[in-house]
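**Student:** Turn this into a model:
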Amino acid sequence: MSIKQILVVFGLLLSSFVYSQNKQILYGFAEMPNTLMVNPGAETNYRYHGGIPGLSGLSLNIGASGGALSDLFLKDNTTFNTKFENLSNKLTNRSFLSFNAKIDILNGGYRLDEKTYLSFGMYQEVDFIGYYPKDIVELLYYGNQPFINKTVHFSDLKFRGEMLGVIHAGLSYKMNKKLNVGGRFKLYSGSLHISSKNNAGTFSTEQGVNNVYRHNVTNVNITSNSSGFFDADENLNVGLKDVLGNTLLSKNIGVGVDVGFTYHYSPQIEFTGSILDVGFVSYSKNNRNLSITGNHEFDGVNLLYDSTNTDYWSQLDSDFKANVPRKTNADSYIVWRPIKLNGAVRYSFGRARTNKECYDVTYKEYYNNSVGLQLFAITRPLSTQIAATAFLEKSIAENFHVKFTYTMDDFSKSNVGVGVSTQMGIFQMYGMFGNILKFSNLTGATTASVQFGFNLIFD
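**Tutor:** This is a model prediction of the structure:
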């Protein structure tokens with residue numbers, strides 16, 4: 001394959017593999033301490049807890065928006081180019097690469113009184129989303145011929161990525177026997193950021209006058225912002241030590257809040273909801289912002305001998321830069337965090353068991369079984385992404401719980417997941433696996449996930 005084809009295939013693969021921030025198995029599961037991170041209004045029934053540093057919460061979820069690895073690399077009699085073209089035909093400019101990873105560095109909590117539970121900690125997060133510019137990729141792959149008298153839109157260029165650390169503290173408060181509310185304050189420390197959106201302009205090719213074709217670059221307005229990738233002299237400088245260090249306390253500071261609730265309509269019917277990461281980060285250190293604007297028409301290169309000017313390509317490049325200038329600056333800018341919403345209704349049934357604590361305010365009945373529905377949404381540059389989940393949760397024993405989920409989202413309409421939580425003395429651990437029916441053939445799966453953690457819980 002040519003270098004051009006390799007680059008296009010690489011971009012296509014990136015557009016296919018995604019990470020979802022939806023924690024549909026963790027949300028509301030077994031009343032573990034980690035559920036407070038997806039609903040600060042979740043109920044707690046222990047005196048205090050401590051996550052094992054670095055292992056309290058780890059997760060990995062890989063999925064495919066529009067295709068799978070086997071679409072390109074399955075061994076059959078189809079050529080690679082044909083596989084690539086078939087996969088490209090399946091993708092649209094709404095297909096995307098989305099990656100999110102989070103690790104709890106510190107996670108703990110302490111009961112202040114019978115109504116109030118304080119939780120706190122720090123985590124590091126990497127988040128990226130990039131939409132697939134279908135027409136631009138196919139223009140690079142096929143060349144101009146299929147795009148004669150067609151328009152390629154630069155507005156399809158949309159991506160955003162960042163790495164940051166988050167120090168947080170939250171309260172879960174039992175207002176009465178029916179309602180529990182909670183909130184969490186977050187201090188963001190931005191390490192890396194890059195984004196480009198709200199771009200405009202078009203590229204088109206038509207029959208030429210002075211040459212075979214005329215190319216038009218019209219009303220171009222492309223901008224991008226970045227922070228942490230370049231030093232003061234605009235040299236690329238990304239050191240691992242600096243990147244990790246800036247997730248603790250950097251000059252790129254922001255704030256955010258989470259809020260949530262748990263409401264018992266009856267002892268057996270429960271409603272929950274949360275809004276996460278309503279906040280922003282102000283980037284001011286080692287910024288490098290780029291803008292490209294202008295209009296340009298050209299008929300290609302007329303390879304006519306001219307003894308006074310034989311450097312045709314330099315002239316073409318100079319003309320383009322004069323009409324579509326490129327500018328950079330180091331101005332500060334603000335980035336809003338992607339807001340996440342969760343909601344669920346649960347019906348509990350089966351044998352009732354008593355609360356572990358004897359507090360009158362926090363007392364409630366527990367049941368061995370529950371079923372329900374969950375909804376998840378996250379704001380993204382192109383549109384809000386939504387997922388729906390049906391679940392069954394069952395207590396096999398007093399300290400052993402399982403949860404089965406069936407999720408429909410952009411990646412799959414048949415994602416079956418399972419979660420397991422168990423506690424032995426003060427040691428509690430959990431594991432969660434998404435799309436388990438495809439684990440035997442991950443190359444053909446459209447999504448797969450693994451999540452686990454270890455905590456010390458003191459009743």
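**Student:** could you point out the longest strand in this structure?
**Tutor:** strand 179-196 (DSSP state E).
**Student:** In space, what's closest to Phe120 - neighbours in sequence excluded?
**Tutor:** Once flanking residues are discounted, Phe120 sits nearest to Ala169: 4.3 Å by Cβ to Cβ, 6 or more residues apart in numbering. Using the backbone N, CA and C atoms, a C-beta is placed for each residue, glycine as well.
**Student:** again, but for Leu164
**Tutor:** Per Cβ to Cβ, 6+ apart, closest to Leu164 is Gly190, 4.8 Å.
**Student:** quick one, what contacts the one you found?
**Tutor:** 162-164, 227-228, 246, 250, 252-254, 281, 283, 335 (Cβ atoms under 8 Å, 6 or more residues apart in numbering).
**Student:** coming back round to it: any idea how far the residue nearest to Phe120 lies from Leu187?
**Tutor:** Using Cβ to Cβ, to the nearest Å, Ala169 is found at 9 Å from Leu187.
**Student:** Could you do Thr405 as well?
**Tutor:** From Thr405 to Leu187 the distance is 32 Å (Cβ to Cβ).
**Student:** Same check on Leu240?
**Tutor:** In terms of Cβ to Cβ, Leu240 sits 23 Å off from Leu187.
**Student:** So between these two, which is more surrounded?
**Tutor:** Leu187 (16 against 7; other Cβ atoms under 10 Å).
**Student:** Name the residues linked to the residue positioned nearest the centre of the chain by a beta bridge.
**Tutor:** Among the residues of the chain, the one closest to the centroid is Asn100, at 4.1 Å (Cα atoms, centre = their mean). Under the criterion DSSP bridges, Asn100 forms beta bridges with Asp127.
**Student:** correct me, but it touches Val126?
**Tutor:** Yes - counting by Cβ atoms under 8 Å, Asn100 touches Val126, with 6.9 Å between them.
**Student:** closest to Lys394 among the contacts of Gly190?
**Tutor:** Leu164 (37.2 Å; Cβ to Cβ).
**Student:** Please identify which helix or strand holds that closest one.
**Tutor:** In the assignment (DSSP states H and E), Leu164 maps to strand 159-174.
**Student:** Which other helices and strands does that strand contact?
**Tutor:** strand 116-131, strand 179-196 (3 or more Cβ pairs under 8 Å, 6 or more residues apart in numbering; DSSP states H and E).
**Student:** pLDDT weak spots in the stretch 151-300 of the chain?
**Tutor:** 208-212, 232-234, 300 (pLDDT under 70).
**Student:** Tell me which stretches of it form helices.
**Tutor:** For the stretch 151-300 of the chain, the helices defined by DSSP state H, counting those that start in this stretch cover 240-245.
**Student:** and what of the stretch 351-459 of the chain?
**Tutor:** Using DSSP H, counting those that start in this stretch, no helices are assigned anywhere in the stretch 351-459 of the chain.
**Student:** The closest residue to Ile426 other than its chain neighbours and Gly190, how far apart?
**Tutor:** In space, and not counting its chain neighbours, Ile426 is closest to Leu456: 5.1 Å by Cβ to Cβ, 6+ apart. Between Leu456 and Gly190 the distance is 31 Å, computed by Cβ to Cβ.
**Student:** Val281 now?
**Tutor:** Taking Cβ to Cβ, one finds Val281 at 5 Å from Gly190.
**Student:** and what of Thr328?
**Tutor:** Distance from Thr328 to Gly190, by Cβ to Cβ: 20 Å.
**Student:** next one: Gly54
**Tutor:** 21 Å.
**Student:** go on, Asn81?
**Tutor:** From Asn81 to Gly190 the distance is 42 Å (Cβ to Cβ).
**Student:** what's the answer for Asp127, then?
**Tutor:** From Asp127 to Gly190 the distance is 11 Å (Cβ to Cβ).
**Student:** For the residue nearest to Phe120, which residues are in contact?
**Tutor:** 118-120, 184-185.
**Student:** So what sits opposite it in the bridge?
**Tutor:** Beta-bridge pairing for Ala169 (DSSP bridges): Phe120, Phe185.
**Student:** how near is it to Gly182?
**Tutor:** Taken as Cβ to Cβ, the span from Ala169 to Gly182 is 11 Å.
**Student:** go on, Ala352?
**Tutor:** The separation that Ala352 has from Gly182, given Cβ to Cβ, amounts to 25 Å.
**Student:** Check Ile148 too.
**Tutor:** 59 Å.
**Student:** who has more neighbours, these two?
**Tutor:** More crowded of Ile148 and Gly182, by other Cβ under 10 Å: Gly182, with 25 against 11.
**Student:** The more buried one contacts Val38, doesn't it?
**Tutor:** No - using Cβ under 8 Å, Gly182 is not in contact with Val38; the gap is 11.2 Å.
**Student:** Now do the same contact list for Ile269.
**Tutor:** Per Cβ under 8 Å, 6+ apart, neighbours of Ile269: 345-348.
**Student:** ok, now with 7 Å
**Tutor:** By Cβ atoms under 7 Å, 6 or more residues apart in numbering, the contact list for Ile269 reads Tyr347.
**Student:** List the residues that are in contact with both of Asp127 and Gly190.
**Tutor:** Contacts common to Asp127 and Gly190, judged by Cβ under 7 Å, 6+ apart, are Glu162.
**Student:** follow-up on the earlier one: quick check: neighbours shared by Ala169 and Leu187?
**Tutor:** Contacts common to Ala169 and Leu187, judged by Cβ under 7 Å, 6+ apart, are absent.
**Student:** contact partners of stretch 48-55?
**Tutor:** Under Cβ under 7 Å, 6+ apart, the answer for stretch 48-55 is 33, 57, 103-111, 453-458.
**Student:** are any of these buried, and which?
**Tutor:** 33, 57, 103-105, 107-109, 111, 453, 455-457 (16 or more other Cβ atoms under 10 Å).
**Student:** Work out the gap between stretch 315-334 and the centre of the chain.
**Tutor:** With Cα atoms, centre = their mean, to the nearest Å as the basis, stretch 315-334 stands 31 Å off its chain's centre.
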